[in-house]
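**Q** no sequence on hand, only this structure:
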């Protein structure tokens with residue numbers, strides 16, 4: 001039996017038929033998570049969350065600490081992904097290890113986070129394109145950044161992603177493979193250009209902590225709160241940048257030798273993003289004409305840096321690469337989100353599940369889920385006053401969904417769960433890392449609801465209350481959950 005046949009047989013044992021087309025190899029599975037993380041997105045557009053908190057040490061010290069935490073979360077995720085390589089991963093794992101109610105809540109947290117992250121990436125791509133690339137095509141940024149043009153632009157981006165996904169995983173795979181190489185190339189070129197164009201290089205900046213809270217008049221961090229608190233807040237930058245590695249799990253049923261390649265894809269996307277990103281963001285800090293003046297720029301920090309260091313044709317060429325990478329990041333997000341939606345609908349977890357679970361016989365893609373994802377992503381951008389609050393809340397939802405399978409896995413490991421995949425950390429190491437993941441996620445919730453994002457706590461609590469009420473008022477009787485799967489006796 002060939003590799004695809006073996007994967008289909010394993011999927012059958014997990015209770016599902018092979019409906020999606022398996023074309024993704026090890027690199028492609030890595031590339032879709034690497035493209036979703038996209039250090040040219042969060043590493044650039046969230047630069048202010050680090051520098052405006054503690055200055056240069058945000059790159060030299062805080063970044064690797066944050067990436068190390070993301071890698072711990074990814075290790076726990078890889079353990080379960082290897083044992084249960086299915087689309088929708090997190091929901092499926094939580095259901096198997098903690099019961100269908102726990103799985104249902106995980107699915108909603110993960111899906112909410114994925115939809116809004118897809119939307120925020122597309123808005124970010126548009127806002128980067130208009131002022132920094134648009135003038136090359138005669139576009140007037142002052143006109144094209146008004147709400148009407150932004151909605152039209154984001155709609156065009158979202159629906160183009162849906163079209164590319166509609167017509168098979170082959171096209172998407174080729175583009176996300178290209179995106180992986182593009183991110184690496186642009187990040188390295190950007191690093192070299194920053195170091196070459198810097199007015200002077202002072203490596204000591206990377207280890208210098210300064211409380212810049214309040215430096216932007218409340219636009220980033222409203223007040224100085226002491227180095228301890230500001231260092232925790234600076235973790236927002238690396239941890240929220242290195243988000244999206246669950247994309248490898250969501251495309252498990254389109255990946256060849258999934259139990260081997262999916263955990264590899266998850267882990268590689270995190271440590272490659274973390275290491276390349278560390279070099280890149282350190283170059284940003286080293287190239288700043290003045291760290292204190294940079295901190296006062298707030299959300300305009302990276303464009304201000306580019307204007308000072310790379311104002312010419314080379315800088316414009318790098319802006320083009322950054323915008324393309326952000327566009328392809330949105331494509332990878334669309335792919336991940338639609339596969340999660342398809343997997344949840346397959347088990348009856350969503351309104352309209354019978355329609356959302358359909359797969360095109362010709363293209364072997366979940367077409368209704370793809371177009372629904374595009375529509376929801378666009379709709380979630382329409383109410384701009386709440387946009388930043390919702391973005392923060394949904395990133396919290398994502399990390400909560402990342403650790404929910406881990407939380408129940410700690411208890412199940414070696415008891416009800418004794419059937420593991422080829423990637424197996426072993427009981428003592430898995431449990432230790434799992435505890436760190438769960439405690440770290442709790443800290444992230446606290447970080448995520450600090451001013452000026454304190455309203456995100458209301459969103460998280462309200463959403464949790466609605467889900468709890470819906471579950472006990474009827475969903476628990478109607479939702480069947482995933483198939484009953486033996487998780488004991490042996491190694492898969």
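**A** Nice, thanks for sending it over. A quick note: this is a predicted structure, and the numbers were derived from the prediction, not measured. Numbering: from 1, shown residues only.
**Q** how close does residue 150 get to residue 389?
**A** 18 Å (Cβ to Cβ, to the nearest Å). Heads up, the C-betas are built off the backbone N, CA and C, glycines and all.
**Q** kindly apply the preceding question to residue 219 instead.
**A** Distance from residue 219 to residue 389, by Cβ to Cβ: 15 Å.
**Q** one more: residue 361?
**A** Counting by Cβ to Cβ - residue 361 and residue 389 are separated by 42 Å.
**Q** looking at it, residue 403 is touching residue 437, isn't it?
**A** Yes. Counting by Cβ atoms under 8 Å, residue 403 touches residue 437, with 5.0 Å between them.
**Q** how deep is residue 246 tucked in, by neighbour count?
**A** 27 (other Cβ atoms under 10 Å).
**Q** if I pick it, what's in contact with it?
**A** Contact analysis of residue 246 by Cβ atoms under 8 Å, 6 or more residues apart in numbering lists 33, 77, 89-90, 110, 266, 336, 398, 401-402.
**Q** any stretches of the stretch 251-400 of the chain with poor pLDDT?
**A** Within the stretch 251-400 of the chain, the stretches with pLDDT under 70 are 383-388, 390.
**Q** ok, then the element right after the helix or strand encompassing residue 240?
**A** Assigning secondary structure by DSSP states H and E places residue 240 in helix 236-241. Downstream of helix 236-241, the next assigned helix or strand under DSSP H and E is helix 247-250.
**Q** on that earlier part again, quick one, which of the contacts of residue 246 are buried?
**A** Taking 16 or more other Cβ atoms under 10 Å as the criterion, what is buried in these is 33, 77, 89-90, 110, 266, 336, 398, 401-402.
**Q** among the residues you listed, which lie within helices?
**A** Counting by DSSP state H, these place 33, 77, 89-90, 110, 266, 336, 398, 401-402 in helices.
**Q** closest one of those residues to residue 195?
**A** Checking these against residue 195 by Cβ to Cβ gives residue 33 as the nearest, at 27.9 Å.
**Q** what about the closest residue to the closest one other than its chain neighbours, how many residues nearby?
**A** Leaving aside its chain neighbours, residue 33 sits nearest to residue 269 (3.5 Å; criterion: Cβ to Cβ, 6 or more residues apart in numbering). As a burial measure, residue 269 scores 28 neighbours (other Cβ under 10 Å).
**Q** pretty sure residue 269 contacts residue 39?
**A** No. Contact criterion Cβ under 8 Å: residue 269 and residue 39 do not qualify, at 10.5 Å.
**Q** what's the distance between residue 324 and residue 389?
**A** Taken as Cβ to Cβ, the span from residue 324 to residue 389 is 29 Å.
**Q** likewise for residue 282?
**A** 31 Å.
**Q** related to what we said a few turns ago, which one's more surrounded, residue 219 and residue 389?
**A** Taking neighbours as other Cβ under 10 Å, residue 219 and residue 389 compare with residue 389 leading, 18 against 15.
**Q** packing partners of the strand or helix carrying residue 191?
**A** Element membership of residue 191, judged by DSSP H and E, is helix 169-197. With contacts taken as 3 or more Cβ pairs under 8 Å, 6 or more residues apart in numbering; DSSP states H and E, helix 169-197 sits against helix 26-37, helix 147-166, helix 258-287, helix 301-309, helix 313-346.
**Q** could you dump those helices to CSV with distance to residue 229?
**A** CSV is the format used below for these (distance: least, Cβ to Cβ, whole Å):
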stretch, distance to residue 229
helix 26-37, 27
helix 147-166, 34
helix 258-287, 21
helix 301-309, 21
helix 313-346, 31
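**Q** just these: most buried one?
**A** helix 26-37 (a mean of 28; mean count of other Cβ atoms under 10 Å).
**Q** so which elements touch that helix?
**A** Secondary elements touching helix 26-37 (3+ Cβ pairs under 8 Å, 6+ apart): helix 169-197, helix 247-250, helix 258-287, helix 313-346.
**Q** right, and residue 172 touches residue 163 too?
**A** No. Taking Cβ under 8 Å as the definition, residue 172 is not a contact partner of residue 163, at 10.5 Å.
**Q** who touches residue 52 in this structure?
**A** Neighbours of residue 52 in contact, by Cβ under 8 Å, 6+ apart: 212-213, 215-216, 220-221, 295, 298, 301.
**Q** most widely separated two among those?
**A** 213 and 301 (15.0 Å).
**Q** please compute how far stretch 25-45 lies from its chain's middle.
**A** Remark: stretch 25-45 is offset 9 Å from the chain centroid, using Cα atoms, centre = their mean, to the nearest Å.
**Q** do the same with stretch 241-259
**A** On Cα atoms, centre = their mean, the centre of stretch 241-259 falls 12 Å from that of its chain.
**Q** before we move on, what about stretch 293-313?
**A** Going by Cα atoms, centre = their mean, where stretch 293-313 is centred and where its chain is centred differ by 25 Å.
**Q** show the pLDDT at residue 492.
**A** Note on residue 492: pLDDT of 44.
**Q** equivalent analysis for residue 481, please.
**A** pLDDT, residue 481: 85.
**Q** now do residue 97
**A** 91.
**Q** tell me which residues touch residue 88, please.
**A** Counted by Cβ under 8 Å, 6+ apart, residue 88 has contacts 107, 250, 339-340, 342-344, 346.
**Q** and residue 208, how many residues sit next to it?
**A** Neighbourhood size, residue 208 [other Cβ under 10 Å]: 15.
**Q** the closest residue to it other than its chain neighbours and residue 310, how far apart?
**A** Sequence neighbours aside, residue 56 is the residue nearest to residue 208 in space, at 5.1 Å (criterion: Cβ to Cβ, 6+ apart). Residue 56 sits 19 Å away from residue 310, going by Cβ to Cβ.
**Q** and the two? Which one has more around it.
**A** Applying other Cβ under 10 Å to residue 56 and residue 310 shows that residue 56 carries more neighbours, namely 27 against 20.
**Q** which residues touch that one?
**A** By Cβ under 8 Å, 6+ apart, the neighbours of residue 56 are 205-208, 285, 288, 291.
**Q** swap the cut-off to 6 Å and go again
**A** Listed by Cβ atoms under 6 Å, 6 or more residues apart in numbering, the contact set of residue 56 reads 205-206, 208, 285, 291.
**Q** make CSV out of these and add secondary structure and distance to residue 408.
**A** Formatted as CSV, the contacts of residue 56 follow (DSSP: H, G, I helix; E, B strand; the rest coil; distance: Cβ to Cβ, whole Å):
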residue, secondary structure, distance to residue 408
205, helix, 43
206, helix, 39
208, coil, 42
285, helix, 40
291, helix, 44
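**Q** quick one: which two of the residues you listed are the most distant?
**A** Of all pairs in those, the most separated under Cβ to Cβ is 206 and 291 at 10.5 Å.
**Q** what is the burial count for residue 300?
**A** There are 14 residues near residue 300, going by other Cβ under 10 Å.
**Q** how close does it sit to residue 307?
**A** Distance from residue 300 to residue 307, by Cβ to Cβ: 9 Å.
**Q** what do you get for residue 223?
**A** Residue 223 is 28 Å from residue 307, by Cβ to Cβ.
**Q** got it, and residue 298?
**A** Distance, residue 298 to residue 307, using Cβ to Cβ: 15 Å.
**Q** make sure residue 112 is indeed in a helix.
**A** Yes. Counting by DSSP: H, G, I helix; E, B strand; the rest coil, residue 112 is found in a helix.
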